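Visitor: Need a 3D model of the following:
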Amino acid sequence: MSYTTLNTLSSAFSSAVDATTGLDSYLMIDSSELNAHHNINYPVCVVEPPNSSVSNINKAWEDYDVSCFVLQVDDSNVDNVIQYDTCLSLFTSFLANLMKQRDGEYVLDKDSISIERIRGEGNDNLIGVKVGFNLLVPSVLISDTADLTVLTDGLYGYWDGDRNVAFSHSSLSWGSADGTPQRTFTNTGESTEDIPSYDSNGGAFIFQGFSALGKAETLMLSDVTFTNANHSIFFRLQLPEIDGDDEQILYEFPPDAEGDYNRVVIIKGGAHDGKFKITVDDNAGNRDDFDWSDDNLPIGSRTQFAVVGFINNASDELTTISINNRFLTSGNYRNDVITNSDLHVGSRHITGGYGDMSGYLGVISHIAIYDKALSKEQHEAVVSKMLSER
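Guide: Sure thing, here's the model as predicted:
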């Protein structure tokens, strides 16, 4: 991923204008300076030098507040409405070309777009539109992602949605990233309905939240075996607010021969609506017990992923939950060693050939699994790496 200065951003805007039929020139200036520029070819795209903010340095993204003008000379023989619509159409084409720049690394916050129609602008008596929007751009305020490497100590597997995905309407295979332990998620193979959609442009899997038995979409990692009772699992995801009363499953190790299992549930309804619940039944007491996080949905947004992590620390008799490095603790943990278990991501598995249910509603782009309980520092390193991904 390339990291962006204002000059680099301006070059991307200029290239987008060049690729837009009907736009004849481009300037990055304050709109108040427009009259100082002469012999402008119209229609023109004017972008004011945008201010930016960084809400979380670990996310490696800058949020640019962009004001963009598309202007043409006011023609008194043409209805104003038609001229406004012409300029707005040019902006729409320009924006589509902007999102293609630099290998598609820029992200538009679609909810941020505002449109103002203006007339009589500047000495040239211009008409057109002023459009405001937020653009998320990789930031220069953090080192290049090449400097952020996957933590390998205890790594069981690292999956990147941009890599090693084979997808069709009837099958799915997602291999771990090159240079990490080679393991593969697949679909459950019960029906085409249990395969999550794959967004090749976004490098992510989209789950629709199907709750009915045998319908839930699933990623499955077969024969998971850890060396001890400690393990850590991280997801880079977007988890929206939920309508309805159906609980969702983020992941589950289904009951084994002894009936031992554990799962992470997203609660619907009641005082704990929108929180994570950890449910465990194992040989530490053969209990079916649960604890909640104190977070509520949504987690992440349409334009930004979040990272949630679950560190099963049997040694310290607790589970640590993190959401973008904000740590919570649960008294629930799994005490026995997971051996030859199929990890189901996105659903709860019902044994006996009944299929999967309680499907996840959201997007998952990356997964990291560790055969150990990570320390706080290791935990933060994993979150930083996953947040820095495209």
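Visitor: isn't His272 right up against Asp291?
Guide: No - taking contacts as C-beta atoms under 8 Å, His272 lies outside contact range of Asp291: 10.2 Å. (C-beta placed from N, C-alpha, C; glycine too.)
Visitor: These two - which one has more neighbours?
Guide: Asp291 (19 against 15; other C-beta atoms under 10 Å).
Visitor: and that one, backbone torsions?
Guide: phi -130, psi 160 (degrees, to the nearest 10).
Visitor: So what pairs up with it in the strands?
Guide: Ile278 (DSSP bridges).
Visitor: is it true that it touches Ser330?
Guide: Yes - Asp291 is within contact range of Ser330, at 3.8 Å (criterion: C-beta under 8 Å).
Visitor: Overlap in contacts, these two.
Guide: Ile278, Thr319 (C-beta atoms under 8 Å, 6 or more residues apart in numbering).
Visitor: Buried residues of stretch 222-230, list them for me.
Guide: Val224, Phe226, Ala229, Asn230 (16 or more other C-beta atoms under 10 Å).
Visitor: Surely Glu377 forms part of a strand?
Guide: No - per DSSP: H, G, I helix; E, B strand; the rest coil, Glu377 lies outside any strand segment and is helix.
Visitor: Please report how far Glu241 lies from Leu318.
Guide: With the distance defined as C-beta to C-beta, to the nearest Å, Glu241 ends up 28 Å from Leu318.
Visitor: What of Ala271?
Guide: Taking C-beta to C-beta, one finds Ala271 at 22 Å from Leu318.
Visitor: Turn the buried residues of stretch 222-230 into JSON lines, columns for distance to Leu136 and secondary structure.
Guide: Shown next, in JSON lines, are those (distance: C-beta to C-beta, whole Å; DSSP: H, G, I helix; E, B strand; the rest coil):
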{"residue": "Val224", "distance to Leu136": "35", "secondary structure": "strand"}
{"residue": "Phe226", "distance to Leu136": "36", "secondary structure": "coil"}
{"residue": "Ala229", "distance to Leu136": "40", "secondary structure": "coil"}
{"residue": "Asn230", "distance to Leu136": "36", "secondary structure": "coil"}
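Visitor: any idea which of those is least confident?
Guide: Lowest pLDDT among these: Ala229, with 94.
Visitor: From Asp273, how far out is that one?
Guide: Distance of Ala229 to Asp273, given as C-beta to C-beta: 31 Å.
Visitor: what do you get for Asp79?
Guide: 51 Å.
Visitor: Which one of these two is surrounded by more residues?
Guide: Neighbours were counted for Asp79 and for Asp273 using other C-beta under 10 Å; Asp273 has more, 14 against 10.
Visitor: close enough to count as contact, the more buried one and Asn296?
Guide: Yes - using C-beta under 8 Å, Asp273 is in contact with Asn296, at 7.2 Å.
Visitor: Quick one: neighbours of the nearest residue to Asp260 once chain neighbours are set aside, just the number.
Guide: Excluding its sequence neighbours, the residue lying closest to Asp260 (C-beta to C-beta, 6 or more residues apart in numbering) is Asp282, at 4.4 Å. If you count neighbours by other C-beta under 10 Å, Asp282 ends up with 24.
Visitor: For Asp282, report the pLDDT, please.
Guide: The model's pLDDT for Asp282 equals 70.
Visitor: what residues are up against it?
Guide: Contacts of Asp282 (C-beta under 8 Å, 6+ apart): Asp260, Tyr261, Asn262, Arg334, Asn335, Asp336.
Visitor: Nearest spatial neighbour of the residue positioned nearest the centre of the chain, chain-adjacent residues omitted?
Guide: Geometric centre of the chain, nearest residue: Phe305, 3.0 Å, by C-alpha atoms, centre = their mean. Closest residue in space to Phe305, ignoring its immediate chain neighbours: Arg236 at 5.0 Å, by C-beta to C-beta, 6+ apart.
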